[in-house]
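Asker: sequence first, then the predicted structure, then my questions.
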Amino acid sequence: MLRIHFTEADLARTRLASEPDPLWEITLSLHRFQTQQGRSAHAEWYRTTRARLADRGLEGALRHVLLPLFPRTAYFPDFLTPAESTQGLTAGLAAMVDTPVDRVRREIVRFSAVGAPPWAPRLLERESRQDLAEAMRRYYDVAVAPFRERVLARVEADRSVRGRTLLADGTDGLLDGLGPHLRWEAPVLHVRYPVDRDLRLDGRGLTLVPSYFCWGCPIALADSTLPPVLVYPLLREARPPAVDRPLGALLGRTRARVLRGIAPGATTGELARLAGVSAPTVSQHIAALRDAGLISSLRYGTSVLHTLTPLGAALLQGTKRPAAPVP
């Protein structure tokens, strides 16, 4: 169990990252290769990625470098996922290469105690870290980047839900609704974790980082002196039920999917990615739904936020399977 201790200052400084962290996505996608868990949720990724890696000549780097360096165990070096990667892949890889040698040495020693590959001490050399950065970049381009639009759509939907929770119930509500593997008992967030430890934020706040490839338990940095982050799995899409068919027959499959996507509130860009159509096409569907009185649209900054009207909500509610009549 991981226990994260908050103060009042920490609650005020807790924030949601706007995008997935590319180095954490590399890390957690590599973890997906090492377990059967989450296979159904990432079925297309499993089906296509291994073949693309082989086509690009990356099978050797995957097997002999990346998987041994990012094991799905209780520990791997924190310098592989630096805070700078929130600024993008290039910034994150540069920060990893520039990690002070003393820190690399400490973390490799700790890693060796739990099963580091025998060549891990070579990472003390800057040239070896540069080679690793290049391998990670090539892996990202093949295994993560092709899913970027899908990932961003999921992140935006997740942020929409979390943001509305934050507005309605504050940080307490946000922390209380992060998922089944977390339990908020103020002022401590209890996280199901492979090791037993306490993390005291001491006024630094906590950055919550959504991850497409994280599955099951959230993950945090091992070194409690580093800027605190908690990488958590995105909300999973529910399997479309058979009762979607009447709505699809009434509106058409794409327009029905757009209407369902609007349920938690969504922007035009989010809906385009969700429906897998262009922005002009989804705008036509949005206009038709708005003209029918099913949705309303409100400009929010540079975006337009679409929400259901009572009529739209009633239509969605009416497509659910009716309850059995009471005798």
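Answerer: Here it is on my side, so go on.
Asker: what about the chain, any weak spots by pLDDT?
Answerer: The model of the chain has pLDDT under 70 over residues 157, 235-250, 300-302, 317-327.
Asker: domain ranges for the chain?
Answerer: Recorded structural domains for the chain (assignment: automatic domain parsing) are 2-17+150-233, 22-147, 244-318.
Asker: now those in TSV, with mean neighbour count?
Answerer: All C-beta atoms are positioned from the backbone trio N, CA, C, and that covers glycine. Formatted as TSV, the domains of the chain follow (neighbours: other C-beta atoms under 10 Å):
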stretch	mean neighbour count
domain 2-17+150-233	17
domain 22-147	17
domain 244-318	17
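Asker: helices along the stretch 151-300 of the chain, start to end?
Answerer: In the stretch 151-300 of the chain, the helices defined using DSSP state H, counting those that start in this stretch lie at 244-251, 253-262, 268-275, 279-291.
Asker: would TSV of those helices with distance to residue 107 be doable?
Answerer: TSV is the format used below for those (distance: least, C-beta to C-beta, whole Å):
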stretch	distance to residue 107
helix 244-251	49
helix 253-262	42
helix 268-275	37
helix 279-291	44
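Asker: for residue 303, find the nearest of those.
Answerer: With distances scored as C-beta to C-beta, the stretch of those nearest to residue 303 is helix 268-275 (7.1 Å).
Asker: and the contacts of that closest one?
Answerer: Contact partners of helix 268-275, identified using C-beta atoms under 8 Å, 6 or more residues apart in numbering, comprise 149-150, 152-153, 156-157, 160, 254, 257-258, 261-262, 266, 278-279, 281-283, 285-286, 303-304, 306.
Asker: grab the nearest non-local neighbour of the residue nearest in space to the middle of the chain.
Answerer: Centroid-nearest residue in the chain, with C-alpha atoms, centre = their mean: residue 211, separated by 1.7 Å. Counting by C-beta to C-beta, 6 or more residues apart in numbering, residue 231 is the residue found nearest to residue 211 once chain neighbours are left out, at 5.0 Å.
Asker: run through the residues that contact the one you found.
Answerer: Here residue 231 is in contact with 21, 24, 28, 209, 210, 211, 214, 218, 219, 220 (criterion: C-beta under 8 Å, 6+ apart).
Asker: is it true that the first one touches residue 91?
Answerer: No. No contact is recorded between residue 21 and residue 91 when judged using C-beta atoms under 8 Å, the distance being 10.8 Å.
Asker: joint contacts of these two?
Answerer: residue 85.
Asker: contacting residues around residue 176?
Answerer: Here residue 176 is in contact with 169, 184 (criterion: C-beta under 8 Å, 6+ apart).
Asker: can we see that at 6 Å?
Answerer: Residue 176 sits next to residue 184 when contact means C-beta atoms under 6 Å, 6 or more residues apart in numbering.
Asker: any idea how far it is from residue 182?
Answerer: Per C-beta to C-beta, to the nearest Å, residue 176 is found 8 Å from residue 182.
Asker: of the helices of the stretch 151-300 of the chain, which approaches residue 82 most closely?
Answerer: Judging the helices of the stretch 151-300 of the chain by C-beta to C-beta, what sits closest to residue 82 is helix 268-275, at 28.4 Å.
Asker: got the angle for the closest one vs helix 279-291?
Answerer: 100 degrees (axes from the mean of the first three to the mean of the last three C-alpha atoms, to 10 degrees).
Asker: and helix 268-275 with helix 253-262, angle?
Answerer: 130 degrees.
Asker: from the chain's centre, how far out does helix 268-275 sit?
Answerer: When distances are taken as C-alpha atoms, centre = their mean, to the nearest Å, helix 268-275 is centred 17 Å away from the chain's centroid.
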